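Structure for this input, please:
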Amino acid sequence: MPSCTKCNTPLPGQMINSYSLVACPSCESSLRADVFPALYREFPTARSGDTLQMDKEAGCFYHPRKKAVVPCSACGRFVCDLCDVALNGRHLCPSCFEKGKTKRKIKSLENQRTCYDTIALLVATVSILIYWFSLFTAPFVIYLTVRHWNSPSSIIPRTKIRFGLAFIIASLQIAGWIFVFSNLFLLSKS
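I've put the predicted structure just below:
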């Protein structure tokens, strides 16, 4: 249960997720307590794995006293309920799962994701510092923004504000170059 950060008094339920500053019941300090709904959720108990009943039963490779439930699809080791990693209809032991993750052998696991919004904003802002590069980078940023607008950004959902800022900066850079070249053209005519 959440408590006051100053006096460690447990906070009553009406103070939690009130979306405003409230006074602590005991020390009167201003605080705001926002918690996720998972705080109140009941979590299921973990599988403990069955113990071996007879010596003739197969035991888990990692827990010899636990009853083996399924063999690993990759290496054939017998694993218990605790060690079984079910993924896309396959059963893997923890070491094969780790090897598949580090060597990128498991196709359905996403190990990395390219954040095109961050790349576009970085290229757009760096080209402000070295303005001559913006002649080439501004169209590239516009391309990245338009091409990857609907691409998944990061694992944690983000807004499109980075793409928007990169697009605005690149558009201003292109407008600046058009202004410079048009003035050079007009000066050469006169």
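
Give me the residues contacting the worst-scoring helix or strand of the chain on mean pLDDT.
Among the helices and strands of the chain, helix 94-102 carries the lowest confidence by mean pLDDT, DSSP states H and E, at a mean of 84. With contacts defined as Cβ atoms under 8 Å, 6 or more residues apart in numbering, helix 94-102 is touched by 62, 72-75, 79, 83, 85, 87, 92, 105-106, 109, 111. C-beta here means a position set from N, CA and C on the backbone, and glycine is covered the same way.

what ranges do the helices span in this protein?
94-102, 116-129, 134-147, 161-189 (DSSP state H).

Point to the residue nearest the middle of the protein.
residue 155 (2.9 Å; Cα atoms, centre = their mean).

how many other residues sit next to the residue nearest to that one when sequence neighbours are not counted?
Sequence neighbours aside, residue 113 is the residue nearest to residue 155 in space, at 6.3 Å (criterion: Cβ to Cβ, 6 or more residues apart in numbering). The burial count assigned to residue 113 is 11, neighbours taken as other Cβ atoms under 10 Å.

can you pull the contacts of residue 113?
Going by Cβ under 8 Å, 6+ apart, the list of residues near residue 113 reads 152, 153, 154, 155.

again, only this time at 10 Å
By Cβ atoms under 10 Å, 6 or more residues apart in numbering, the residues touching residue 113 are 151, 152, 153, 154, 155.

How about residue 78?
By Cβ under 10 Å, 6+ apart, the residues touching residue 78 are 57-62, 66-72, 84, 93.

let's go with 6 Å and repeat that
Residue 78 makes contact with 58, 61, 68, 71, according to Cβ atoms under 6 Å, 6 or more residues apart in numbering.

Among those, which ones are in strands?
Cross-referencing the contacts of residue 78 against strands under DSSP state E gives residue 71.

Which members of the contacts of residue 78 are classed as buried?
The neighbour-count criterion (16 or more other Cβ atoms under 10 Å) marks 61, 68, 71 among these as buried.

Just give the number of residues close to residue 27.
Residue 27 has 13 nearby residues by other Cβ under 10 Å.

before we move on, what about the one 5 residues further on?
Neighbourhood size, residue 32 [other Cβ under 10 Å]: 12.

now residue 171
Summarising burial for residue 171: neighbours were counted as other Cβ under 10 Å, giving 15.

Please name the nearest non-neighbouring residue to it.
Computed as Cβ to Cβ, 6+ apart, the closest residue to residue 171 that is not its neighbour in sequence is residue 142, at 7.2 Å.

Would you confirm that the one you found contacts residue 170?
Yes - contact criterion Cβ atoms under 6 Å: residue 142 and residue 170 qualify, at 5.1 Å.

Can you pick out the residue with more neighbours from these two?
Taking residue 142 and residue 170 together and counting by other Cβ under 10 Å, residue 170 has the greater number of neighbours (25 against 18).
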